[in-house]
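Asks: Fold the following and give me the result.
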Amino acid sequence: MAQLTITAETNSTKHIPGISEQHSAAEREYGLRKAVFAQRASDLRSKDRLFVRFRVIAFLLLIGVGCACVADAAVSWLWMLVPIAVFVGVLKLHQPIIKRLRRSEAARNYYTRSLERLAGRWRDGPDCGQQFVDSQHPWSSDLDTFGPGSVFQRLNQCRTLPAQRKLAAWLTTLPATDVIEERQRQAESLRDQLDLREQLAIIDDQVDWATAEKSLTGWLGESPEPFPVWALWGARCVGVVSVVVLIMVFGSSLSITTIFLMMLLQAPFVYANRHRIKSVMDEVDSVDKALQQLSEVTQQFETFPFTEKSLQQLQNRLTVDGVIASNRIRRLSTLIGWLNNALRNQFFMPIAWIFGFYIHLPYRIDRWRTCYGPRVAEWLDAVTTMEVINSVAAFNYEQQRFARPEISEDTIEFTAEQLGHPLLTDAECVRNDVSLTQQTPLMLISGSNMSGKSTLLRSVGTNLVLASCGARVNADRFRAYPFQLGTAMRVSDSLQEGRSLFFSVVQRLKTVVDLTSQDRPVLFLLDEILSGTNSHDRRRGAEAVIRTLVNKSALGMVTTHDLTLTKIVDSMGGKAENKHFEDQVLDGKMTFDYQLRDGVVERSNAIELMQMMGLDV
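Replies: Got it, this is the predicted structure:
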């Protein structure tokens, strides 16, 4: 078998190994901050080990004093207060060290991931948006919008699942020009705000948001069942009396059996409201951590000094009528956390019971829903929007060579100079000029296998989607109408649904054509149009589809390696042009330069490729 070698010519721009020149400023800043937090984490780790030793010593002292009290009746049990006070004091001093250590390590890890992202090593990371994949969407599957190595994965720096869902919505919807321009202003105003992104990154993200979001949505959508007044006040009165009883018991004025009497007195109130208590617990079970994270994220946006007007307006929605959203969300998280402890912590259970927490906590949680439940949707919308903008701003900061796109309704066109795929590194990316106008709305691209046709189509579509989110694009200049986008690229058959490949292709083309019945013009990207049928039918069908799209004011690009389709250009009356990619084969080495050229490709590599792989052709 002949050995086949495939090589690709890439840009000759000088760059730092693994990291391109466009990233150098971000790389330097990330590197400096990573070093600072690595050193800080090392120092705090030493302090942490020291406090662990102090806690062990205090605990041993507690055991020693306890043994002395047991062994010698003359030793007062009050001496136990000394080691207890020492242990509690050491614990209090240790907690801030632990918190600072965790945050320093989180910041160091954030900048480590950021440096890896600049070097192109981000495709194996978490949160790739796989849950948002929709095979029926007009373009998301074709443009690698979700999944490993996707646009979502590259952009996403959202801390909460609702914000990730909003980012997914932005990536699958092309809005009007005024919305895009507002997003651009917002993202550019936050582009250099690395401190904000750092503060968000160190917030704990070990949260089961999927369960929490479902629980909260159901709970907020229901009306609370009120607790009887007699039960509320009865539980409260017994709780107040229980405080006095406990003091008297520890002062030896009352028998310990009195405590059990007080617990018995609470029983009727708990029993009478058992269904209400269970209902509240089932609805908000284990959402306290998600709420705590949301409150911390919200607080960062509440206190940040935004300069862009629309971001200030979003920020103002978090502090309406003197109600500070983060404080209210934190309060709900605390209440649910206490209720979780009351029901699950065997040491806290008797305390919660005797003080009436089984009535008081569910009541306070329901009161929170009555007072603030209607505002949650508005708070979430504001916070998640700012989270998404922050992710876009981070992308713009890291892609400093990328251009700010111009989206305009003045002219129906797509024009890009030196356009490249935004997910490729400089070392991998080859750029080309693309121009689609009302005068020449169709570009038909021919070329051999692996020559770069599909990548160019994805470069066009992906950059347009990024532009709609307010992000910069991989081009020197980029101007486009706010199109609807329709693609037919990665189409497959389905055994389960009984669809052949050709039927699937026709279905997808029908979806693209149907988009033209809506108000906004369509930008279509069709890869290897009508593959799966004979050449005659393919030529006739492709020409009919293309002519229909162009006649309905759509602009687009069509690729093919079937040279008979290139003759369609001749029948379009000057509204189409042929472009091509080519390859060179010399001494068993196949070379691609991925440069777009005028005209029709003059040769194909299919036979040579088959021969090189050892097939007798």
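Asks: I'd like to know which elements the biggest helix by length in the chain is packed against.
Replies: If you go by DSSP state H, the chain has its longest helix at helix 24-71. Counting contacts by 3 or more Cβ pairs under 8 Å, 6 or more residues apart in numbering; DSSP states H and E, helix 24-71 is packed against helix 81-118, helix 194-201. Any C-beta I mention is one placed from the backbone N, CA and C, and that applies to glycine too.
Asks: right, and those helices - which one's nearest Ala554?
Replies: Taking Cβ to Cβ, helix 81-118 is the member of the helices and strands packed on helix 24-71 nearest to Ala554, at 35.6 Å.
Asks: continuing past that closest one, what's the next helix or strand?
Replies: helix 151-155 (DSSP states H and E).
Asks: Summarise which helices and strands the helix or strand following that following helix is packed against.
Replies: As assigned by DSSP H and E, the chain's next helix or strand after helix 151-155 is helix 161-171. If you count contacts as 3+ Cβ pairs under 8 Å, 6+ apart, helix 161-171 packs onto helix 151-155, helix 209-220, helix 357-398.
Asks: hey, C-alpha coordinates of helix 161-171 in PDB?
Replies: Coordinates of each C-alpha in helix 161-171 appear next as PDB, following Å, rounded to 0.1, in the frame of the first residue of the first chain:
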ATOM      1  CA  LEU A 161     -27.500  27.000  34.700                       C
ATOM      2  CA  PRO A 162     -30.200  29.600  33.900                       C
ATOM      3  CA  ALA A 163     -27.400  31.800  32.500                       C
ATOM      4  CA  GLN A 164     -26.100  28.900  30.400                       C
ATOM      5  CA  ARG A 165     -29.600  28.400  29.100                       C
ATOM      6  CA  LYS A 166     -29.800  32.100  28.100                       C
ATOM      7  CA  LEU A 167     -26.400  31.800  26.400                       C
ATOM      8  CA  ALA A 168     -27.700  28.800  24.400                       C
ATOM      9  CA  ALA A 169     -30.800  30.900  23.400                       C
ATOM     10  CA  TRP A 170     -28.500  33.700  22.200                       C
ATOM     11  CA  LEU A 171     -26.500  31.300  20.100                       C
END
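Asks: Quick check: buried residues in it?
Replies: Buried residues in helix 161-171, counted by 16 or more other Cβ atoms under 10 Å: 161-168, 170-171.
Asks: about what we covered before: I'd like to check the angle between the longest helix of the chain and helix 357-398, please.
Replies: On the basis of axes from the mean of the first three to the mean of the last three Cα atoms, to 10 degrees, helix 24-71 is oriented at 150 degrees to helix 357-398.
Asks: so for helix 24-71, what's the average pLDDT?
Replies: The pLDDT scores in helix 24-71 average 91.
Asks: so how far is that helix from its chain's centroid?
Replies: Centroid displacement of helix 24-71 relative to its chain, using Cα atoms, centre = their mean, to the nearest Å, is 32 Å.
Asks: How about stretch 97-113?
Replies: 20 Å.
Asks: again, but for stretch 60-79
Replies: 56 Å.
Asks: Report the backbone C-alpha coordinates of it in PDB.
Replies: What follows is stretch 60-79, C-alpha atoms only, in PDB (Å, rounded to 0.1, in the frame of the first residue of the first chain):
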ATOM      1  CA  LEU A  60      -6.900  16.900  73.100                       C
ATOM      2  CA  LEU A  61      -7.000  19.500  75.900                       C
ATOM      3  CA  LEU A  62     -10.800  19.100  75.900                       C
ATOM      4  CA  ILE A  63     -10.500  15.400  76.300                       C
ATOM      5  CA  GLY A  64      -7.900  15.800  79.000                       C
ATOM      6  CA  VAL A  65     -10.000  18.200  81.100                       C
ATOM      7  CA  GLY A  66     -13.000  16.000  80.700                       C
ATOM      8  CA  CYS A  67     -11.000  13.000  82.000                       C
ATOM      9  CA  ALA A  68      -9.800  15.000  84.900                       C
ATOM     10  CA  CYS A  69     -13.400  16.000  85.800                       C
ATOM     11  CA  VAL A  70     -14.500  12.400  85.700                       C
ATOM     12  CA  ALA A  71     -11.500  11.100  87.700                       C
ATOM     13  CA  ASP A  72     -11.700  13.700  90.500                       C
ATOM     14  CA  ALA A  73     -15.000  15.000  91.800                       C
ATOM     15  CA  ALA A  74     -13.200  18.000  93.300                       C
ATOM     16  CA  VAL A  75     -12.500  19.300  89.700                       C
ATOM     17  CA  SER A  76     -15.500  21.400  88.600                       C
ATOM     18  CA  TRP A  77     -17.100  20.800  85.300                       C
ATOM     19  CA  LEU A  78     -16.900  24.500  84.600                       C
ATOM     20  CA  TRP A  79     -13.200  23.900  83.700                       C
END
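Asks: Buried ones in stretch 582-597, by neighbour count?
Replies: Under 16+ other Cβ under 10 Å, the buried positions of stretch 582-597 are 582-583, 585, 590, 592-594, 596.
Asks: correction: stretch 476-484
Replies: For stretch 476-484, by 16+ other Cβ under 10 Å, it's 478-484.
Asks: how does this structure divide up, domain by domain?
Replies: 21-118, 209-227+273-398, 406-612 (automatic domain parsing).
Asks: can you put the ones you listed in TSV and add distance to Asn156?
Replies: Below are the domains of the chain laid out as TSV (distance: least, Cβ to Cβ, whole Å):
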stretch	distance to Asn156
domain 21-118	11
domain 209-227+273-398	6
domain 406-612	12
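Asks: Can you show me the helices along the stretch 301-450 of the chain?
Replies: For the stretch 301-450 of the chain, applying DSSP state H, counting those that start in this stretch gives helices covering 309-316, 325-344, 349-354, 357-398.
Asks: Include mean neighbour count when you put the ones you listed into a markdown table, please.
Replies: Shown next, in a markdown table, are those (neighbours: other Cβ atoms under 10 Å):
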| stretch | mean neighbour count |
| --- | --- |
| helix 309-316 | 15 |
| helix 325-344 | 20 |
| helix 349-354 | 17 |
| helix 357-398 | 21 |
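Asks: looking at these, which has the lowest confidence?
Replies: helix 349-354 (a mean of 85).
Asks: Which strands or helices does it pack on?
Replies: By 3+ Cβ pairs under 8 Å, 6+ apart, helix 349-354 packs against helix 229-250, helix 257-272, helix 325-344, helix 357-398.
Asks: Format those as CSV; extra columns: distance to Arg508.
Replies: Shown next, in CSV, are these (distance: least, Cβ to Cβ, whole Å):
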stretch, distance to Arg508
helix 229-250, 61
helix 257-272, 60
helix 325-344, 44
helix 357-398, 29
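Asks: picking that back up, can you say which of the domains of the chain is nearest to Phe146?
Replies: The nearest among the domains of the chain, by Cβ to Cβ, is domain 406-612 at 11.7 Å.
Asks: so where's the chain uncertain?
Replies: For the chain, residues meeting the criterion pLDDT under 70 lie at 1-23, 250-252, 491-502, 531-534, 585-588, 603-617.
Asks: From Phe37, how far off is the residue lying closest to Ala38 once chain neighbours are set aside?
Replies: In space, and not counting its chain neighbours, Ala38 is closest to Arg108: 5.0 Å by Cβ to Cβ, 6 or more residues apart in numbering. Look at Arg108 and Phe37: by Cβ to Cβ, to the nearest Å, they are 4 Å apart.
Asks: Got the phi and psi for Leu555?
Replies: Main-chain torsions, Leu555, degrees, to the nearest 10: phi -120, psi 150.
Asks: and it, what is it in contact with?
Replies: Leu555 sits next to 412-414, 436-438, 441-442, 483, 521-524 when contact means Cβ atoms under 8 Å, 6 or more residues apart in numbering.
Asks: Run through the residues that contact Asp527.
Replies: 142, 453-454, 457, 487-490, 559.
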